[in-house]
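1. have a look; sequence and predicted model below, questions after that.
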Protein chains: 2
Amino acid sequence: MSTTQTNKIETIKATATKINEVDFDNLSFGAVFTDHLLECDFINGEWQQPVIKPYAPLLLDPSAKVFHYGQAIFEGMKAYKDTNNDIWLFRPDENYKRFNSSAVRMAMPEVPEFVFIEGLKQLLKLDEAWVKNGNESTMYIRPFMIATGAGVVANPSEDYKFMILLSPAKAYYSGEVKVLIAEHFSRAANGGIGAAKAAGNYAGQFYPTSLANKEGFQQVIWTDDATHTKLEEAGTMNVFFRINDTLLTAPVSERILDGITRKSLIDMAEKEGINVEVRPVLVSELVEASQKGTLKEIFGAGTAAVVNPIAGYSYKEVYYELPKIENSFASLLKDKLTSLQNKLTEDTFGWTVKV
Amino acid sequence: MSTTQTNKIETIKATATKINEVDFDNLSFGAVFTDHLLECDFINGEWQQPVIKPYAPLLLDPSAKVFHYGQAIFEGMKAYKDTNNDIWLFRPDENYKRFNSSAVRMAMPEVPEFVFIEGLKQLLKLDEAWVKNGNESTMYIRPFMIATGAGVVANPSEDYKFMILLSPAKAYYSGEVKVLIAEHFSRAANGGIGAAKAAGNYAGQFYPTSLANKEGFQQVIWTDDATHTKLEEAGTMNVFFRINDTLLTAPVSERILDGITRKSLIDMAEKEGINVEVRPVLVSELVEASQKGTLKEIFGAGTAAVVNPIAGYSYKEVYYELPKIENSFASLLKDKLTSLQNKLTEDTFGWTVKV
């Protein structure tokens, strides 16, 4: 791969800022974007010069492969501003590695590290006024890549576009989350693309989730598609279960995303002396623990939500409410992780990276 | 649903035609498009006025949901010109029904019949010079719908765009096709979106297919993801097997597309007195039939390829070559179907619809 075009980032500044139109106290997740974005095209087998430029619509051929064959991947990341107004990223190397793993699985080109990491840092520096202080304010970062090549023959595109968007954010989920355990619908196949952050994995969840919504559940806990006996993911998050004082979560697999929040929480929980078991978790043991009163907590884990406590779950038409508890692992781990991310406590793990 | 905006199609004609630049004898599949396309937007819960207009690029927000969450579906259809220069569609009602089934599964709005069917007919009439006579020439039709709503929150879009593109075509596959039977990778999950013509189902196949290509196989025969023992689809086609004089194909399911060519071939084969069994077909019975010499043919069936004979298959590192036979079912059924589609023989099934 030639690096001649990709070792320098061109910057075209917006002539005006939209920042004064934004109500930072009332942000709807993922709806507002900063003044600039990063764009880098892959053409004729080569990554071209990355460009930071004003946020603007894209012009694409109606036969572009992203529209017809779903070659599209993304990452979710966040940036945080500390009390010295320094901006920090959380484990960006992990997002970069996963992005390129997704690219390989979707027959797309791997993005150079300079374009992804250095491009993101320069973009954040340019739009730094949009990154706000405080534990509840973050900058949500959306790197993504789409197939731009024209033509409706079903094979991989020759051309691609990599972009990074920045969206100032508050907390992702609010209020009590009740979940439905999937008995019929599934998120991913064995030997499929469930471990990739591929666009196509998400649209398939919308209809089953909308059915759950109609029954009063905000999310679905996905089970393995072959037997529907193993608990795998919750909505677009990884999922943890606390039975007595043991924290359980499924191992990553071809069906389960290798979540960066997930693995960070496992490390943090172990450091706190919590017993963590990474192993297949059965629906039956969840129900049994509920009946015995040993099921203490369920929570989702992901970049957008960080930690999202679940109030109860339904399985085979029976609703199991979770107890209100003190010393919740979800609260403890969320506090520890967001404090570390926001540089309010020392980062003994070495996960934070200064922009 | 209001029909006030959708019961009339506006037409904006191109100022010039590109038709003289096209070499109709050397068409690469899906690469050339006619002068016009049909576009109809879904905004604020309503389908807007459909418009036939010059083929041109689309302008979309970089946060449009199609790029991030893969809400995108399509159909594949063909139009044929007979010796009287009348244009015919093949079972367009089936494509329309399937398109809206895909829409429901992907949490997208159903497209009104007038927009899909009447819109297609008017588009074909306007670009009729692009539809050529002859058994080897067809007009490939690509209706599709994408989520155009902006915002990177993972929920269904509020806005959509439906379009129809026309691409003059020759045969889709050429030469001998050798296939690899999937032992690890999969196309679809139980309870997933495999029965929908969703964009995300296709990109997931590109990487496993590229690995097969490197070993000298043009396509993959997909097996069920749970056990990899049942034969399901071939590449982007349904698949038929002939053991002795019985034609076998898998039943449609949540994992298998309800192919219109597939069901037409079943009806045609039965009319020809061929014994057809629609039932799960095991990899083991295929290998056993090869070993006994009773496996006569394998062929794919789809709109693009119509019928695509397979020369041989590989399973667990062993290559099984298919015999060269006379009185091939693939040839017989392809001839019968393409003759009917091209109005060279009487359509006793009532499948052809005049534009």
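-> Perfect, thanks for sending it. Numbering: from 1, shown residues only, chains lettered A, B, ... in the order given.

2. what number of residues lie near A:V287?
-> 17 (other Cβ atoms under 10 Å in any protein chain shown). Heads up, the C-betas are built off the backbone N, CA and C, glycines and all.

3. give me the distance from stretch A:341-355 to the chain's centre.
-> 19 Å (Cα atoms, centre = their mean, to the nearest Å).

4. just the endpoints, please. Distance across it?
-> Distance between the boundary residues of stretch A:341-355 (Cα to Cα, to the nearest Å) amounts to 13 Å.

5. for stretch A:153-169, same thing?
-> Note: stretch A:153-169 ends 39 Å apart using Cα to Cα.

6. give me the pLDDT for the residue in the stretch 101-250 of chain A positioned nearest to chain B.
-> The minimum distance from the stretch 101-250 of chain A to chain B, using Cβ to the nearest Cβ, falls at A:G200 (1.9 Å). With respect to pLDDT, A:G200 has a value of 93.

7. was I right about it contacting B:G200?
-> Yes: contact criterion Cβ atoms under 8 Å: A:G200 and B:G200 qualify, at 1.9 Å.

8. shared neighbours, the two?
-> A:70, A:193, B:70, B:193 (Cβ atoms under 8 Å, 6 or more residues apart in numbering or on different chains).

9. for the residues you listed, work out which two are farthest apart.
-> Taking Cβ to Cβ, the two most distant members of the shared contacts of A:G200 and B:G200 are A:I193 and B:I193; they sit 11.4 Å apart.

10. pull up the overlap in contacts between the two.
-> A:200, B:200.

11. show me where the stretch 251-355 of chain A dips below the pLDDT cut-off.
-> Nowhere does the stretch 251-355 of chain A drop to pLDDT under 70.

12. near chain B, which residues of it?
-> Within the stretch 251-355 of chain A, the positions lying close to chain B (Cβ under 8 Å from any Cβ of the partner chain) are A:A304.

13. ok, 10 Å please
-> The stretch 251-355 of chain A has residues A:254-255, A:302, A:304 near chain B, with proximity defined as Cβ under 10 Å from any Cβ of the partner chain.

14. which ones among those residues map onto helices?
-> Using DSSP state H, no member of those falls in helices.

15. please pick the buried ones from those.
-> A:254-255, A:302, A:304 (16 or more other Cβ atoms under 10 Å in any protein chain shown).

16. buried sites along stretch A:347-355?
-> So, applying 16+ other Cβ under 10 Å, buried residues of stretch A:347-355: A:351-353, A:355.

17. repeat that for stretch A:47-66.
-> Buried residues in stretch A:47-66 (16+ other Cβ under 10 Å): A:47-48, A:50-52, A:55, A:58, A:60-66.

18. which stretches of the stretch 201-350 of chain A form helices?
-> Taking DSSP state H, counting those that start in this stretch as the test, the helices found in the stretch 201-350 of chain A are A:260-271, A:283-292, A:329-341.

19. these: which one's closest to B:E128?
-> Closest among the helices of the stretch 201-350 of chain A, using Cβ to Cβ: helix A:260-271, at 54.9 Å.

20. model confidence at the residue nearest in space to the middle of chain A, what's the number?
-> Central residue of chain A (Cα atoms, centre = their mean): A:G76, 4.0 Å from the mean position. pLDDT, A:G76: 96.

21. please list all residues in contact with it.
-> By Cβ atoms under 10 Å, 6 or more residues apart in numbering or on different chains, the contact set of A:G76 is A:30, A:95, A:140-144, A:172, A:197, A:236, A:259-261, A:302-304, B:68, B:152, B:154.

22. A:H184 now?
-> A:208, A:211, A:223, A:225, A:228, B:190-191, B:254.

23. looking at this, it is in a strand?
-> No: the assignment for A:H184 (DSSP: H, G, I helix; E, B strand; the rest coil) gives coil, which keeps it out of a strand.

24. please report the distance of it from B:I298.
-> Counting by Cβ to Cβ, to the nearest Å, the gap from A:H184 to B:I298 is 32 Å.
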